[in-house]
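*Asks:* Sharing a model prediction with you, sequence too.
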Amino acid sequence: MRRTLLEISAAISLTLAAILTSVGGASASSVMITEAFARASATPMAAAGAAYVSLMNHGAEPDRLISAASPAARTAEIHKSEVVDGVMKMSEAGPLDIPVHGTLQMKPGGYHIMLIGLVKPLKKGDEIEITLTFEKAGAVVVKVPVGDVAQGTHDHGEGGSSD
C-alpha cells in the first residue's frame, strides 16, 4: 500500500511537471520557470524584442540568474525598466538573485530579457528558445511563445518583485 502511494505521488509530480513545461515553462532542479512569453515585433524591421518569465526557487538555498542566450537574437541580456525622474529608462540589470522559496517575476515595466539583433521579427504564434543560465541550477532551455505586440500591458505595476 505504501509503495503504491509513493508511485502515485511520483506519477502525479511528473505529470504536473510535464503540464507546466508544456505551457511555456521549464524546470531545472530547484528553479521552476513559468509564464514565459515574448512580445511580437511591432514592425518588420524590428531589431530588438523582449521576453518575460517568472522564476520560482523551490530549493533550500538561493540561486541567481546569471545570463540569457537565444538563437532568435545576436545577444540576449537581462534588463530592467524603471521610471527615473519621470522618464522610463532601461538598463542592463546583470545577475538577478532568486531567494529561497521566492519568485522573481519578469514583466513589462520591470525586469525582462532583451533580445538584441533579432534574426527575424518575432511573429505572433511563433515560438522561440531562450537558454537561461543559473549559478546553481545550470542552463535551462525554455520554449517561449510569441504573443501580441502589447502582451502583458494589462499589469502596469513595478516588475521584478521578490517574495
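*Replies:* Thanks, I have it.

*Asks:* and residue 124, what does it touch?
*Replies:* 40, 146-149 (Cβ atoms under 8 Å, 6 or more residues apart in numbering). Yep, even glycine has a C-beta here, placed from its N, CA and C like the rest.

*Asks:* give me the element the spatially closest residue to residue 125 that is not a sequence neighbour is part of.
*Replies:* Counting by Cβ to Cβ, 6 or more residues apart in numbering, the nearest residue to residue 125 once its immediate chain neighbours are dropped is residue 146, at 6.6 Å. Using DSSP states H and E, residue 146 sits within strand 138-147.

*Asks:* pLDDT on that strand, on average?
*Replies:* Strand 138-147 carries an average pLDDT of 95.

*Asks:* Which residue would you name as the spatial centre of the chain?
*Replies:* With distances taken as Cα atoms, centre = their mean, residue 53 lies nearest the centre of the chain, 2.3 Å away.

*Asks:* Mind telling me what element that one is part of?
*Replies:* Assigned by DSSP H and E, residue 53 falls in strand 48-57.

*Asks:* Quick check: buried residues in that strand?
*Replies:* 49-57 (16 or more other Cβ atoms under 10 Å).

*Asks:* Closest to residue 122 out of these?
*Replies:* residue 49 (4.8 Å; Cβ to Cβ).

*Asks:* That closest one: what's it in contact with?
*Replies:* 38-39, 41, 72-73, 114-115, 118, 122.

*Asks:* How about residue 52?
*Replies:* Here residue 52 is in contact with 35-38, 106-108, 112-113, 152 (Cβ under 8 Å, 6+ apart).

*Asks:* Looking at the residues you listed, which two lie furthest apart in space?
*Replies:* Largest pairwise distance in the contacts of residue 52, by Cβ to Cβ, is 13.8 Å, between 36 and 108.

*Asks:* of these two, who's got more company?
*Replies:* residue 36 (23 against 19; other Cβ atoms under 10 Å).

*Asks:* Surely that one forms part of a strand?
*Replies:* Yes. Secondary structure of residue 36 (DSSP: H, G, I helix; E, B strand; the rest coil): part of a strand.
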